[in-house]
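Trainee: Following is a predicted model, sequence given first.
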Amino acid sequence: ESEKGLPYLSTADRECQVRTGLDFWLVVNGEIKPFRNIPPLLGRTFENNKQDCRNIILDSYMLSGLALPDDSVYDFNWFEHANLYEEGMRHCGFMEVEWDKPLQLGDVVLLQIGAKVANHAGIYLDNQMMLHHSQHRLSARVPYDGFWLKSTHSVWRVKQWQQLHFTAILNDLAMSQ
């Protein structure tokens, strides 16, 4: 990319990155921005600690310009004895926001499904859509209504939200259309 290029991967950049399987770097305003090669956000098979709902969040934010500090490994039933999502949100610089107000592209939706604490997460995509990855299913874009809305535990927004480029998530999703 040129010095005046976008600070995130375009749809064509992501398509090329996925095809070649290589990490990409963009030079933006004299700064090098790394983008590690990841599988497309949609259609991933579920694998705990590698391709799960937490990794959808980490990878979406990396594409948007923020590498979140999380390399934790956990048992699949962690939520029976811990509250990892809320702890992780705070650790990574997120703040809980009122979710009865309009959500913003990139907000993290924590869901509570058959547990005492939040145990699932998704990325709000705008237009009442959410990206998430459930066990035994492929990662998917789903309407954020009905079951998902009723299962909402809390909504979180990273402090530097306005400096990120969530268009990168939409560019990644556009590859699957």
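Mentor: Received the coordinates, thanks.
Trainee: ok, so what distance separates N29 from P7?
Mentor: Separation of N29 from P7 (Cβ to Cβ, to the nearest Å): 8 Å. Just so you know, the C-beta spots here come from the backbone N, C-alpha and C atoms, and that holds for glycine as well.
Trainee: Which of those two has more residues huddled nearby?
Mentor: Taking neighbours as other Cβ atoms under 10 Å, N29 and P7 compare with P7 leading, 18 against 9.
Trainee: At the geometric centre of the chain, which residue sits there?
Mentor: Centroid-nearest residue in the chain: I57, 2.5 Å away (criterion: Cα atoms, centre = their mean).
Trainee: a helix runs through that residue, doesn't it?
Mentor: Yes - membership of I57 in a helix is supported by DSSP: H, G, I helix; E, B strand; the rest coil.
Trainee: Could you tell me which residues make contact with it?
Mentor: I57 makes contacts with 68, 108, 121, 123, as judged by Cβ atoms under 8 Å, 6 or more residues apart in numbering.
Trainee: Just after the helix or strand of the chain with the lowest mean pLDDT, pick out the following helix or strand.
Mentor: Lowest on mean pLDDT, DSSP states H and E among the helices and strands of the chain sits helix 84-91, with a mean of 84. With elements assigned by DSSP states H and E, the helix or strand that comes after helix 84-91 is strand 94-97.
Trainee: Is there a neighbour count for the nearest residue to M89 once chain neighbours are set aside? I'd like the number.
Mentor: Spatially, and ignoring its direct neighbours in sequence, M89 is nearest to W156 (4.6 Å; Cβ to Cβ, 6 or more residues apart in numbering). Neighbourhood size, W156 [other Cβ under 10 Å]: 24.
Trainee: And for F147?
Mentor: A count of nearby residues for F147, using other Cβ under 10 Å, gives 10.
Trainee: cool, and the one 5 residues further on?
Mentor: A count of nearby residues for T152, using other Cβ under 10 Å, gives 17.
Trainee: so what's it bridging to?
Mentor: Taking DSSP bridges as the rule, T152 bridges to L111.
Trainee: what's the pLDDT at it?
Mentor: Note on T152: pLDDT of 94.
Trainee: can the contacts of I57 go into a markdown table with extra columns for distance to S134, secondary structure and neighbour count?
Mentor: Shown next, in a markdown table, are the contacts of I57 (distance: Cβ to Cβ, whole Å; DSSP: H, G, I helix; E, B strand; the rest coil; neighbours: other Cβ atoms under 10 Å):
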| residue | distance to S134 | secondary structure | neighbour count |
| --- | --- | --- | --- |
| L68 | 21 | coil | 19 |
| V108 | 16 | strand | 25 |
| A121 | 11 | strand | 23 |
| I123 | 14 | strand | 24 |
